Structure formats: C-alpha cells, structure tokens
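Novice: Sequence and predicted structure below; questions after.
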Amino acid sequence: MPSMLAMWIASPNGFGGSAAQDRARLSVYASLRLHAEGDVALSAFEDAVDWPRTLWGDDRDHVRWLVTTADGATHEATVVSSPPEGNLWRRLLPSETAVRSHDGEDLTGHPVNTYRAGSVLGEVRSVHQRLSMHSPVAAPGPAALLASFGALQGAFGAPPAGAAVPRDVTDIESDATLTAAERLSLLRTRHQYLADNYFRPLPGTTAVEARVERLAIAGTLARADLSTPAVVVPASERASPMAALEAFHHSAEADPDLPPAGSSEPVVLREFHEILASLGQHPVLLRRLGLVVDLELPIDALPESRIGEEPGWLQVRPMFAHETRFASHSPRTAYTLERPQVFAAAAQDRTAPDVVGGLLNVALPDAFALIQVDLDSLGLKTLNAAASRAAATITPSGDTSAVDGVDPSIGISGVAVIRDRNAEAVAARLLRARSQNTRLLESPEDSSTMYADDILRGWRFDVFEVPDGPFDLFEDPRWRSLHERIGRYEIDGHADVVDDEGFSQPTITQSTRGTAEERDQQYIHESLIRWQGWSLAAARPGQALTTTGPGRVANNDGGLGLAVNFKAKPGSLPRLRFGRRYRIRARAVDLTGNSLTLAEASTMMKVLRDRGIPVPILDTCEGDDFVFRRFEPVRGPALVFREKP
C-alpha cells in the first residue's frame, strides 16, 4: 500500500517585522518521502500528486502552523510566503512521474580518497625554499636541483634495511585463529605499510598489485568501522603527503562496459525523489512549489538562548483543517536567540562549532586557510620532478649530467579556501545523517533534534578588499558576495527573471572508471571554493564551445522542461588584483536557501567581537597578512597584425 511521510524541518531566519525587529522569522522545509512496493507512478499518492493544493487548500486558513518551544508553550505562527503554484507542480512533477521507495541514501561505508592540502603545500614550499638557497639568482643547475629535492627523493628509495614486512591480506584473511578485532588491527598495519612505501618497490609486489591491495583494504576498513573514514592513503610520519596527492589524481583504466568519459548523454531525472533533490538547488522554486513555507511569530514567544550556552529548541507542526492521508514528523531544531540581533540554528558542538551565529566558523584553530597557488598542478609537477631525479647521482668528479630537467614552475589559480581534514568533517556529517535516518525509520515518533550542521546546504562566500586608508571591517559596506546573480527560469516557454544568491556546496564525487573497488571510493577535496576573480554562481560572459560550434549553453535540469541561466549581478563582484589585501568570510545556507544578508553578517561579526568570541574571518596566509601576489613570470605580449598583410 503506497504511503507518504512529510518531515517538517524548521530553520530560524533572524528577525523581521517593524523597525524594532519584533518578529522572529522561520522557514519550514517539507521533506516528502514516498513508499510503495515496486515502482509506481505519482498518481498513486493522492496527497502528493497536487502537493500545493494539499498544503494550501483554497486559502491559507487550510492549515495552522503551531510552534512548540522547550518550555512547553505552543504559539501559532503567521504565514508570510506566497501561495504555492499548483500549475508549476504539475508541469515539473506530472502524475505519471515514477516513484521508488525512499529510504535515504547511505553514503557511509566507502573508502575516502583525499589528501592534506596544507601538508602538500608545506612539502612544495620546502622544495622551493631549498632551490632559492642553492641558486638564489641564476636558474638552478643539476647539483642545486638534486640537493633541493633530497628529502622528497627519499620517498622513492629502497625500503629501510631490516624493516619488517607485515602479513599480506591473503594470509590475514585465511587465518581462522584471529578474532575480528585482531584481523582489523593487522589490516590497518598492512594498509599503513603500503602507504608509507607508496613510491618504493616492495618485495614480491608490483606497483599495480600494491595499489589494488591498498584500495581493497581501505574498502574493508570503511565497511568495518563507520565512525572513522578509511582513507585510501593514510598519513603518518614516514609517509610523504605527496603519495596521497598522487593517489587522488590517479586515473584508472576505462571500464569497457561504460561509455567513454565525456560521451554520455545528459542525466535525465525521472524519479520523484531525484527531482526534488535537484530542485533543492533553486530555493526560489522550492517556495513556489510549497516545499518551503516562511513563517513569523512574536519574538517574545521564544525563550532566549545565548551563543555558546545551552541552546533552546523549537518544533513546528502543521495542523490541517481536514484529515490528511499522510504521516507527519516534526524534528526539533536547536537555536540561539539574543534579542534583537541573533536568531539562528545552533551548532551541536559548542566548544568548536562549525557554524557560529549563521557564519561558517573559519576561525577554528588550524582548520581553514587561504592559498593562491594551483596546488594540484604544482604538487604533481614537483612530484614528477622528484621522481625523475630519484635515481640520479653526482659522480666523484662532479659530473651532474645525469640530473636533467628544470624546477617546477608555480602557477596562480585564484584564491582557494581550504579546510584541513575536510574529509573527516564531511564523513562525520554523513554518519550523523545515517543515524538520524535510521532512528526515524525505526521510531517515527521520536523527536530527534536537528542542529545547524544537520540543516546546512552550503555557504555563501563574501570578500572584502582592504582599502589603503583607515577602515572599519564591521561597519564598512564594501563586503561583496561572490554569489549574487540574476536567474532566468524558463518553464514550457514561460520565463521568470529573479534576483537571488547562489551558494557553494560540499562535494563528494565517485569515478565511473576502473574496477568496482575503484568506483566505490569517494573523492573529497580540501578546497571548499576557488575564487578566480569572477562569480561562484554564474558563468563568465561569452559563448561556450559546443559540439555544433560556439553557442550559449542553458542549464537544463534533467529533462524537466526547466531551463535555468544565471548571470552575475552587475556591480556586485569585487576585483581580484595583484598586490591587494583581502578578507573572506562565509555565510551558512540552510535547507530552505536562507542565510544572513551581507548587512546581517556584519552585525553578527560585531556581536561575536563584543562577546569575546573569535570573529570568523579569513585574513591570513600562513601567519602573514593575505596579499594576492604574483608568482608566475610575466609573459610577453601577444603579437598581432595592425594591418591586413
């Protein structure tokens, strides 16, 4: 029998109302989960086939929105969003839309492929520092190159003499005397040994066999212990961080059963839950479809809870005027409220929160950093240069002809925000989401609590270009968003133009190439964004090179009859210039697409400063003021004809 569950997830959204800011704002995200035996059509679910009418009825009195707080009080909220559009719902989700039971996608239990960006940057910096010492003026010669790569070249040498070789996987798995804990311990030892000797020839094992074994062990460890991500190349004091970089960029052999890369047809979304997930990229559409409802209630209805203290919680429940045929679940949302400036979701970890007052906490010690070199390219070039010189030696006569090549050049690729151990942070969120989903399926009436980390969809990054004269970082209006855009939404020939803000999201990718083990691993980069002087939410001006020649490409969302195009909002972007100083912050975006505005973010920074809480701004690079610098040589100008020959 088809059934439907609606989860009503509340998200605090600051204050509104009169000039006194006397109204607390809430947005409610409706997560619809449909269940049936086998594949059925949307028409089998009477309440979902025309969701806007189910939610709204003939008027807004069709449903009352009740907000319950930790003190046991219940208050009725006022709807301030516009009525949802039934015609839009039926165009995007017609009654014949396929439905498969939704049990929540489990992304845990996969080996994680990542690398420590800070460690790789440190290794690359050391090589260039030694190059500068050995050859400060002239181009480095063979002897200088050999001396500069000495430490990294050690990763390619023979294994340390007398080093014990751990038992291989076959021996471990065939030993029936081992307990499960002992077997996992031996596998971890073998896994670390393969990582420590990533570039070295191992006795009786080829490089390909070592790679396959390392990945297989990582998969076993990932499935055995979900609390800690199993990294494909784990770090240790002996392992070079460049090993993880090489593994991250290793290209597997193409699977003959899959189409060649770049030749596949665009993904067409035909299943109900896939379509809703895709529409989550467009908060404007979520409101028009009735998947997000905006509410207000008197500020005095909510007990106060200061930043860093025990959070309050609220729970939103819709009360329909008529009986519905679906089940409802309303988890609690933890919040922080300090009148009249702070009303936001609270972080679960109060000692080292990821989100503080609606801002990504980039002030966490040793967690976030700014880099401006193209680290992937530079790291691989440095690694290749070290590998080519690993076997080179200088003869007693001083002949260095065996050492060839040049030093790896530094490339600039904008400004990147990196997070140390980002893979662990993402894995922790996935594990918590899995736990919450399991608890919901087993105990639908259980009132679980959602925190800022649970309702986070992404971030909006802002840039402040430091002026030459005096300035006040907390009052200056020159903070610029990298996500402001103008969107054109075209559905069945009808177009709407909307000003809004996009956002950046944490990403997890998987390969479509190689063996099943290679396709199973997840790739998680430590770079959150890379700003190259343009918008992070809109393409650069100009045409794209398509299969039929130059043209403009529309973002057609999965064959839904929806075409979306974005352009950067004129005058919204900051400039990226050599020699200028910059500050960067990030505003958290929740499931409903809400975040602090630019002005609210500056106000929040003042609140944190006045409370003695570190203000979450990135303004340094390795301990120095962040200045965007040029490391590349200035190229010669392109020569063109002034007259036709």
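Specialist: That came through fine. Numbering: from 1, shown residues only.
Novice: looking at this structure, which helix or strand does the model trust least?
Specialist: Least confident helix or strand, the chain: strand 555-556 with a mean of 64, by mean pLDDT, DSSP states H and E.
Novice: And the helices in the stretch 401-550 of the chain?
Specialist: Applying DSSP state H, counting those that start in this stretch to the stretch 401-550 of the chain gives helices spanning 422-442, 516-520.
Novice: Kindly report which one of those helices carries the lowest mean pLDDT.
Specialist: Mean pLDDT is lowest for helix 422-442 out of those, coming in at a mean of 85.
Novice: what's the neighbour count on the closest residue to A427 other than its chain neighbours?
Specialist: Spatial nearest neighbour of A427, excluding adjacent residues (Cβ to Cβ, 6 or more residues apart in numbering): P229 at 3.9 Å. From N, CA and C alone the C-beta is placed, and that goes for glycine too. For P229, the count of nearby residues is 28 (other Cβ atoms under 10 Å).
Novice: roughly how far apart are P229 and D499?
Specialist: P229 sits 39 Å away from D499, going by Cβ to Cβ, to the nearest Å.
Novice: Likewise for L279?
Specialist: 19 Å.
Novice: circling back: out of the helices of the stretch 401-550 of the chain, flag the one nearest S174.
Specialist: helix 516-520 (19.7 Å; Cβ to Cβ).
Novice: Which elements pack onto the closest one?
Specialist: helix 207-224 (3 or more Cβ pairs under 8 Å, 6 or more residues apart in numbering; DSSP states H and E).
Novice: mind checking which helix or strand the residue nearest to I412 when sequence neighbours are not counted is in?
Specialist: What sits nearest to I412 in space, not counting adjacent residues and going by Cβ to Cβ, 6+ apart, is E632, at 5.4 Å. Under the criterion DSSP states H and E, no helix or strand holds E632.
Novice: In contact with E632, which residues are there?
Specialist: 409-412 (Cβ atoms under 8 Å, 6 or more residues apart in numbering).
Novice: now with 10 Å?
Specialist: 373-374, 409-412 (Cβ atoms under 10 Å, 6 or more residues apart in numbering).
Novice: Of these, just the buried ones, PyMOL syntax please.
Specialist: Buried residues among the contacts of E632 (16 or more other Cβ atoms under 10 Å), as a PyMOL selection:
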select buried, resi 373+374+410+412
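Novice: Stretch 476-488: end-to-end distance?
Specialist: From its first residue to its last, stretch 476-488 covers 31 Å (Cα to Cα, to the nearest Å).
Novice: tell me the mean pLDDT for it?
Specialist: Mean per-residue pLDDT for stretch 476-488: 93.
Novice: Report how many residues lie close to T603.
Specialist: By other Cβ under 10 Å, the residues close to T603 number 18.
Novice: any idea which element it lies in?
Specialist: Element membership for T603, per DSSP H and E: helix 598-610.
Novice: now for that helix, which elements pack on it?
Specialist: strand 3-16, strand 342-345, strand 359-360, strand 456-465, strand 480-481, strand 582-590 (3 or more Cβ pairs under 10 Å, 6 or more residues apart in numbering; DSSP states H and E).
Novice: Next, the angle strand 456-465 makes with it.
Specialist: Angle of helix 598-610 versus strand 456-465, following axes from the mean of the first three to the mean of the last three Cα atoms, to 10 degrees, is 90 degrees.
Novice: Helix 598-610: how far from the chain's middle?
Specialist: Taking Cα atoms, centre = their mean, to the nearest Å, one finds the center of helix 598-610 at 24 Å from the center of the full chain.
Novice: what mean pLDDT does it have?
Specialist: 93.
Novice: Stretch 616-623 too?
Specialist: On average, stretch 616-623 scores 79.
Novice: Skip ahead from the least confident helix or strand of the chain and say which helix or strand is next.
Specialist: Heading C-terminal from strand 555-556 (DSSP H and E), you reach strand 562-568.
Novice: What's the mean pLDDT across that next one?
Specialist: For strand 562-568, mean pLDDT rounds to 89.
Novice: is it possible to export the helices and strands packed on helix 598-610 to TSV including mean neighbour count?
Specialist: Putting the helices and strands packed on helix 598-610 into TSV (neighbours: other Cβ atoms under 10 Å) gives the following:
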stretch	mean neighbour count
strand 3-16	21
strand 342-345	26
strand 359-360	26
strand 456-465	22
strand 480-481	20
strand 582-590	25
